[in-house]
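In: okay, here's the prediction I keep looking at, along with the sequence it came from:
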Amino acid sequence: MTRWIMIALTVLGLCVAYVTPSSGVLGLALLVTFIGAFGTIMSIASARIAERTRPDTTMLQPDVIAAIRARARAQAVSQAHMGEGSSQPEGGSAQGDART
């Protein structure tokens, strides 16, 4: 609703600026036009942000996030330990390997 009011304000300001012979009314009409255009842009951006955001009730709690990170860290460590045995070239030593 606000978006349409701002668009109407912009169009009204442009129409008045086009037909007026007075420079004072022209300045006022251009000011109304710029305010309407700025309001239109901000209302479009606000609607776009509102449709993309999630409500706070759907977001995870900090302790749940910490548990997920700990589980991912543990999986990464277990995969690193499993991959160590096959990473050395045959007949070579592990001295050239930078990982510890």
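Out: Arrived safely, thanks for sending.
In: and Ile65, what element?
Out: Using DSSP states H and E, the element containing Ile65 is helix 62-84.
In: what mean pLDDT does that helix have?
Out: For helix 62-84, mean pLDDT rounds to 87.
In: again with stretch 19-32
Out: 93.
In: list the buried residues in it.
Out: 29, 32 (16 or more other CB atoms under 10 Å). Any C-beta I mention is one placed from the backbone N, CA and C, and that applies to glycine too.
In: circling back: what's the helix holding Ile65 packed up against?
Out: If you count contacts as 3 or more CB pairs under 8 Å, 6 or more residues apart in numbering; DSSP states H and E, helix 62-84 packs onto no helix or strand.
In: just how off-centre is that helix within its chain?
Out: Helix 62-84 sits 28 Å away from the centroid of its parent chain (CA atoms, centre = their mean, to the nearest Å).
In: also stretch 39-48?
Out: Put simply, stretch 39-48 sits 14 Å off its chain's centre (CA atoms, centre = their mean).
In: what does the model give the residue nearest to Ser43 when sequence neighbours are not counted for pLDDT?
Out: Closest residue to Ser43 apart from its sequence neighbours, by CB to CB, 6 or more residues apart in numbering: Arg3 at 4.3 Å. Arg3 is assigned 87 on the pLDDT scale.
In: residue numbering should commence at 347 henceforth.
Out: Yes, from this point I'll number from 347; that puts the last item at Arg349.
In: identify all contacting residues around the host helix or strand of Arg349.
Out: Following DSSP H and E, one finds Arg349 within helix 348-365. For helix 348-365, the external contacting residues (CB atoms under 8 Å, 6 or more residues apart in numbering) are 371-372, 375-383, 385-386, 389-390, 393.
In: export that helix to CSV, keeping only CA atoms.
Out: Provided in CSV are the C-alpha atoms of helix 348-365 (Å, rounded to 0.1, in the frame of the first residue of the first chain):
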residue,chain,number,x,y,z
THR,A,348,2.8,2.4,0.9
ARG,A,349,4.6,1.7,-2.3
TRP,A,350,1.5,2.7,-4.3
ILE,A,351,1.2,5.9,-2.3
MET,A,352,4.8,6.8,-3.0
ILE,A,353,4.5,6.0,-6.7
ALA,A,354,1.4,8.3,-6.9
LEU,A,355,3.3,11.0,-5.0
THR,A,356,6.1,10.8,-7.5
VAL,A,357,3.8,10.9,-10.5
LEU,A,358,1.8,13.8,-9.0
GLY,A,359,5.0,15.7,-8.4
LEU,A,360,6.2,15.2,-12.0
CYS,A,361,2.8,16.2,-13.4
VAL,A,362,2.7,19.4,-11.4
ALA,A,363,6.4,20.2,-12.3
TYR,A,364,5.5,19.7,-16.0
VAL,A,365,2.5,22.0,-16.1
